[in-house]
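K.L.:
Model the structure of this input:
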Amino acid sequence: MALKTSERSDIETFRALDNLRTVNEKISRGNDIIRLEAGQPCFGAPQAALDYAAKCLINDPIQGYTDAIGMISLRQRIADYYKDYYSVHVTPEQINITSGSSPGFIMAFLTAFNPGDKIALCTPTYAAYKNIIKSMDLQITEIQTNADTNFQPTLDLLKNAAEKFDGIIINSPSNPTGTILDEDEFSDICNWCDEQGIRIVSDEAYHRITYGTKAQTALKFSNNAIIMNTFSKFFAMTGWRLGWVISPPDMVKPMKKLAESLFVAPPTISQHVAYKIFDHLDELDNYVLRYKENHDILRDLLPAAGLNKLSKGDGAFYFYVDVSDFTNDSEDFCHRLVEEAGVSVTAGLDFDGKRGHQYIRLSYAGSADDMREACQRIKIWLTDNQAGNRVAKTL
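P.N.:
From the prediction side, this is the model:
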C-alpha cells in the first residue's frame, strides 16, 4: 500500500530559482551569459559590518542561540530605524528577526489566518506567495492589475473583487514590476481593509530602493498591518538569510511561540552583521545610486533594442516588459534569448499564470557595463530573428 503524502506540498515549481540554477550551471561550464534574471544585488554587505562580525566571532567562537525572535540589540536598532526613516513608532517586542523573509510569511499566515481563509494576490505578483499560501491550506483570490493601475491594487479593484477575502498581500515596490503604490491610494486601501476586517500583509522587501518617490510603510496608515522585510535587498545581505516581521500588538505572543517551536533562533553571526550595517546606510544608499544608473540605461536602451513596453519601475531593481509583439510564449522567448544571445531573464509565468506568457522580468542589480552589453545583444538578437522570421510569435 502506498503511503500517504500531503497535498499541501503539491505546489508549482518556482521557475525563477530553476532558471537561476540552470544559468549557474551554464556559467560554470564557461558560457558567456549576462545575468538579468537574478533578483539579488551584485554588492555585498559593507566591509565594516563584516569586520565587526568577524570580531564578534573571535570574541565568542561558540556563537550560540540568541532569543527566538532575535537579539534585543538588533530589534532595538530596527525600531530606531523605523522612527528615523518612517517617523512611526514600533517596540522591539513587536519585531521578530527571521531567517530571511520567508519564515516570516509562514508565521504571519499561521498567526493571522485559519485554514480555508482567502488571501488576495494582486497579479502580477511574487511567485512564492501563492505557493506559501497553498501550503498553509489557505485559498487565493486573484485580483488582476495592469499598466493602467501601475501594476498595483486600487481601492476600486478591491471593492469590486469577484469574492470576499480575509487578507491581502501588498508589495510596494513590487517584484516583478518595480512599481510603487501611490501613497493616497495606500492610505485608502488600509483604511478600507481595517473597516472590513481584512488583514494586510505588507511586503516591504524593496523599501529604500526607490528613484524619486519614497515607498511608505503600511504602519503609517494602519496599526493592524503585518510588516515583512528582509536584509537581502537594500541591505545586500542575501546569503546571510536574515529578515524581520513587525507584528501588531495582538500577534506578538503567538508569533513568539511559533518562532520558538518552528525555527528556534535566527543565525547569530548574521545578526551581528545586521546590527552593524545600520551604521553604514550611506554606503547602501550609494548602491541604490548604482541601481538608478542601471535603471536609466535600460529605460533608454531597451526601447532602442525593440522592447518598449516597460513598467514604470520606480523602485526595486526590476522592469516588467510586455513582449507580446514578439511572442506568446515567454518561456520559449527566455530560453532562446539565453541560448542564442547569452542574456538571461525571467519569464512572466512565474508572476502571473494567466497573462505571464506575454511578459518577462529583467533585473538590473548588476553592473552598468552589463546593462549596456545586454541591450546590445538583445537588439542584435531581435533584429536577426525578425529578419529571419524566427521569433516565436504565436498570437
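K.L.:
ok, now which ones touch the residue nearest to residue 237 when sequence neighbours are not counted?
P.N.:
Setting aside the residues directly before and after it, residue 237 is nearest to residue 231 in space (C-beta to C-beta, 6 or more residues apart in numbering), at 4.0 Å. All C-beta spots, glycine's among them, are computed from the backbone N, C-alpha and C. Counting by C-beta atoms under 8 Å, 6 or more residues apart in numbering, residue 231 makes contact with 237, 240, 242-244, 270, 274, 277.
K.L.:
In strands only, show me those residues.
P.N.:
Counting by DSSP state E, the contacts of residue 231 place 243-244 in strands.
K.L.:
between the contacts of residue 231, which is closest to residue 295?
P.N.:
Using C-beta to C-beta, residue 237 comes nearest to residue 295 of those, at 21.7 Å.
K.L.:
Backbone dihedrals for the closest one, please?
P.N.:
Dihedral pair for residue 237: phi -120, psi 40, per degrees, to the nearest 10.
K.L.:
Surely it and residue 274 touch.
P.N.:
Yes - in this structure, residue 237 is within contact of residue 274 by C-beta atoms under 8 Å, at 6.7 Å.
K.L.:
more neighbours, the two?
P.N.:
Neighbour totals were compared for residue 237 and residue 274, and residue 274 leads with 27 against 24 (other C-beta atoms under 10 Å).
K.L.:
and the gap between that one and residue 100?
P.N.:
12 Å (C-beta to C-beta, to the nearest Å).
K.L.:
What strand or helix carries residue 142?
P.N.:
strand 139-144 (DSSP states H and E).
K.L.:
Give the pairing partners of that strand; include direction for each.
P.N.:
Sheet pairing of strand 139-144 (DSSP bridges) gives strand 118-123 (parallel).
K.L.:
Could you give the separation of the strand it pairs with from the chain centroid?
P.N.:
Remark: strand 118-123 is offset 15 Å from the chain centroid, using C-alpha atoms, centre = their mean, to the nearest Å.
K.L.:
which residues sit against it?
P.N.:
Contacts for strand 118-123 (C-beta under 8 Å, 6+ apart): 109, 113, 129-130, 133, 138-145, 152-153, 157-158, 161, 163-171, 201, 351-355.
K.L.:
ok, then the element right after that strand?
P.N.:
That would be, after strand 118-123 and using DSSP H and E, helix 127-135.
K.L.:
so where do the strands sit in this structure?
P.N.:
With DSSP E as the criterion, the chain has strands spanning 34-35, 95-98, 118-123, 139-144, 167-171, 199-203, 226-230, 243-246, 318-322, 343-344, 346-347, 359-363.
K.L.:
Off-centre distance for the first one?
P.N.:
The chain centre lies 19 Å from the centre of strand 34-35; the measure is C-alpha atoms, centre = their mean.
K.L.:
what's the burial count for residue 73?
P.N.:
Other residues within reach of residue 73, judged by other C-beta under 10 Å, total 12.
K.L.:
For residue 26, see how far away it is.
P.N.:
Taken as C-beta to C-beta, the span from residue 73 to residue 26 is 43 Å.
K.L.:
and what of residue 280?
P.N.:
Distance from residue 280 to residue 26, by C-beta to C-beta: 34 Å.
K.L.:
so residue 152 touches residue 185, yeah?
P.N.:
Yes - counting by C-beta under 8 Å, residue 185 is a contact partner of residue 152 at 7.4 Å.
K.L.:
picking up where we left off before, which residues do residue 274 and residue 100 both contact?
P.N.:
The contact lists of residue 274 and residue 100 share residue 242, where a contact means C-beta under 8 Å, 6+ apart.
K.L.:
what sits opposite the residue nearest to residue 153 when sequence neighbours are not counted in the beta ladder?
P.N.:
In this structure, residue 153 finds its nearest non-sequential neighbour in residue 122, 4.5 Å apart by C-beta to C-beta, 6+ apart. In this entry, residue 122 is beta-bridged to residue 143, by DSSP bridges.
K.L.:
Any idea how many residues pack against residue 122?
P.N.:
For residue 122, using other C-beta under 10 Å, the count is 25.
K.L.:
next one: residue 320
P.N.:
27.
K.L.:
show me the contacts for it.
P.N.:
Taking C-beta under 8 Å, 6+ apart, one finds 124, 151, 176-178, 310-311, 313, 348, 351, 359-361 in contact with residue 320.
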